[in-house]
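# Quick one, what's the 3D model for this:
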Amino acid sequence: QVQLVESGGGLVQAGDSLRLSCAASERTFRNYVLGWFRQGPGKEREFVARITWSGGTTYYADSVKGRFTISVDNPKNTVYLQMNSLKPEDTAVYYCGAAGRVFSDPGGVQYWGKGTLVTVSS
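Sure thing, here's the model as predicted:
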């Protein structure tokens, strides 16, 4: 069974940086699209960023563009989300997702991780 396991969440202050990791087990995601979503308190899950398995194409939500960077390490089957200049409004549970086609909303994701909590204090 496919598993996506996120790590790297925590409590930071506004302006700090954090790097999230998503490790995929038991299969490779060649030709898949991988990405990150987040769900803040009382909010719906929203798209953050996605990347093709080759790492050649990335796409970001406007709210994180210029601050977050998504990358992939193929030999390690791991996707990263480098988050810089964090803001209190970035506080959320961050989820890793994968699918065989491009997605921009949760409905397009085939596989989900369980999430990792990021809390940004002001």
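
# quick one, what contacts the spatially most central residue of the chain?
The structure's the chain has its C-alpha centroid closest to Trp36; by Cα atoms, centre = their mean the separation is 2.4 Å. Counting by Cβ atoms under 8 Å, 6 or more residues apart in numbering, Trp36 touches 20, 22, 48-50, 70, 79, 81, 94-97. (C-beta placed from N, C-alpha, C; glycine too.)

# closest to Leu4 among those?
Cys96 (4.7 Å; Cβ to Cβ).

# Show the average pLDDT along the helix or strand that that closest one is a member of.
Per DSSP states H and E: Cys96 is located in strand 92-99. For strand 92-99, mean pLDDT rounds to 96.

# likewise stretch 35-46?
97.

# Next, the distance between the ends of it.
Stretch 35-46 has an end-to-end distance of 11 Å (Cα to Cα, to the nearest Å).

# Tell me the buried residues in it?
Buried positions in stretch 35-46, judged by neighbour count with 16 or more other Cβ atoms under 10 Å: 35-38, 45.

# Turn those residues into a markdown table, columns for distance to Ser7.
Below are those laid out as a markdown table (distance: Cβ to Cβ, whole Å):
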| residue | distance to Ser7 |
| --- | --- |
| Gly35 | 16 |
| Trp36 | 13 |
| Phe37 | 16 |
| Arg38 | 15 |
| Arg45 | 19 |
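
# Before I go, just wanted to say thanks for your time.
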